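Peer 1: please work out how this folds:
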Amino acid sequence: MTVMEPRHRMGLRHLSRMTDDRGILEHAEFEHPRFEHGYCTDDNARLLVVAVRDNAENPDSALLARIAARFLIDAQRRDGSIHNRMSFERMWIDAPSTDDCWGRALWGFGTAVTRSSDAELRTSCYDAFGIGALTRSDSLRSMCFAMLGAAEIVKMDSSHEGACALLADGVAMFAFHPNGHGDWMWPEPRLAYANALIPEAMLAVGESLNHGGLITRGTRLLHWLIREESLGDHLSVTPVGGRGRGDIKPGFDQQPIEVAAIADAAARASAVTGDDYWEEVIDLAVNWFLGNNDVGLVMMDTETGGGYDGLRPTGVNLNQGAESTLAMISTMQHRSSMWLV
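Peer 2: Alright, predicted model coming up:
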């Protein structure tokens, strides 16, 4: 498959525009940050992952990683739970929880431990992961994010008690969520959001524990998901509101986070299985942003470096918020030859 290369290469400049000394701001109106909506842990965890994956090749990435990590550490409570929402006046405005923000924070901490070249950052994130691993979530996706972080930690410390316990609990959670039946293999009644996270976590846990059955299940489930989220020669991903058995494609609005999850999962599957098919799936994800999608429109602003917030049946949501920009950049990071550093 040919990747449709953009005319311009962008780097991380829109992330820098969206980030101040406290963290990355959640929403934007076009390319301009909306300060009144404040910050969230979900996006700062994503920022940490993207920044440390950059390997300090971009001049802004090291500072962005430090800002994001400090936000996550400040959000964490002693029992391991996490605040998610902070006002622009720097006040937490929610109760700490083990929702997705908890899982994403552990994913960020674990990724920083293995990917950052900043020794101080690695140490602080290692310690924060240990605190976060003291608790658990009832949410499948939150636990899957945490499992990704645990899989990173055991690469550096194979005997880490908290990480090993999280991986073992992951095996049990997947057993509690069996695949569906017939032509609906998914372990839930409907596809929701960041769906490819679930098979990716199966692959990560399976690889970490040398659990061949979980690797096989994750690979098969990801194959099924790609078929379900494709239409012709392009991705046609699950819209806001989800997708169930028999729903007509395409559905809207489509969110960049779904495409980014597919790219991450395909990269994991490629590394674990060595199957070249998964490189083609990464190309599908990249090309979705470059216009090979259900509407035929580019989902990034090549002038600002931002990612658009959603794909609608009549066009593009031109706002360039944190989640969408981070989803676009994290997808492009899997094709570094076409990305500005």
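Peer 1: what bits of this protein have low per-residue confidence?
Peer 2: 1-10, 337-341 (pLDDT under 70).
Peer 1: if you set the cut-off to 50 instead, what comes out?
Peer 2: For the chain, the stretches flagged by pLDDT under 50 are 7, 340-341.
Peer 1: would you map the helices across it?
Peer 2: Taking DSSP state H as the criterion, the chain carries its helices at 13-18, 41-53, 61-75, 100-115, 119-132, 140-156, 161-176, 197-209, 212-228, 256-273, 277-289, 322-332.
Peer 1: list the helices and strands the third one packs on?
Peer 2: Think helix 61-75. Helix 61-75 makes packing contacts with helix 41-53, helix 100-115, helix 119-132 when contacts are defined by 3 or more C-beta pairs under 8 Å, 6 or more residues apart in numbering; DSSP states H and E. C-beta: built from backbone N, CA, C; applies to glycine.
Peer 1: identify each buried residue in the second one, please.
Peer 2: By 16 or more other C-beta atoms under 10 Å, the buried positions in helix 100-115 come out as 100-115.
Peer 1: for residue 220, give me its contacts.
Peer 2: Counting by C-beta atoms under 8 Å, 6 or more residues apart in numbering, residue 220 makes contact with residue 185.
Peer 1: the closest residue to residue 164 other than its chain neighbours: how many residues sit nearby?
Peer 2: Spatially, and ignoring its direct neighbours in sequence, residue 164 is nearest to residue 154 (6.6 Å; C-beta to C-beta, 6 or more residues apart in numbering). As a burial measure, residue 154 scores 20 neighbours (other C-beta atoms under 10 Å).
Peer 1: in contact with residue 154, which residues?
Peer 2: Applying C-beta under 8 Å, 6+ apart, the residues contacting residue 154 are 160, 163-164, 167, 208.
Peer 1: what about the closest residue to residue 87 other than its chain neighbours, distance to residue 12?
Peer 2: Take residue 87 and drop its neighbours on the chain: the residue closest to it by C-beta to C-beta, 6+ apart is residue 38, 4.5 Å away. Residue 38 sits 21 Å away from residue 12, going by C-beta to C-beta, to the nearest Å.
Peer 1: more neighbours: these two, which one.
Peer 2: A side-by-side neighbour count of residue 38 and residue 12, using other C-beta under 10 Å, places residue 12 first with 25 against 20.
Peer 1: shouldn't the more buried one be in contact with residue 57?
Peer 2: No. Using C-beta atoms under 8 Å, residue 12 is not in contact with residue 57; the gap is 9.8 Å.
Peer 1: spatially nearest residue to residue 333, not counting backbone neighbours?
Peer 2: residue 53 (5.4 Å).
Peer 1: got it, and residue 266?
Peer 2: Closest residue in space to residue 266, ignoring its immediate chain neighbours: residue 281 at 3.9 Å, by C-beta to C-beta, 6+ apart.
Peer 1: outline the domain layout of this structure.
Peer 2: Taking automatic domain parsing as the criterion, the chain consists of the domains 1-37+190-341, 38-158.
Peer 1: of all those domains, which one is nearest residue 180?
Peer 2: domain 1-37+190-341 (8.5 Å; C-beta to C-beta).
Peer 1: picking that back up, and the domains of the chain, which is most packed in?
Peer 2: Among those, the stretch with the highest mean neighbour count (mean count of other C-beta atoms under 10 Å) is domain 38-158, at a mean of 21.
Peer 1: quick one on the thing from earlier: among the helices of the chain, which comes closest to residue 186?
Peer 2: Comparing the helices of the chain against residue 186 with C-beta to C-beta, the closest turns out to be helix 212-228 (7.3 Å).
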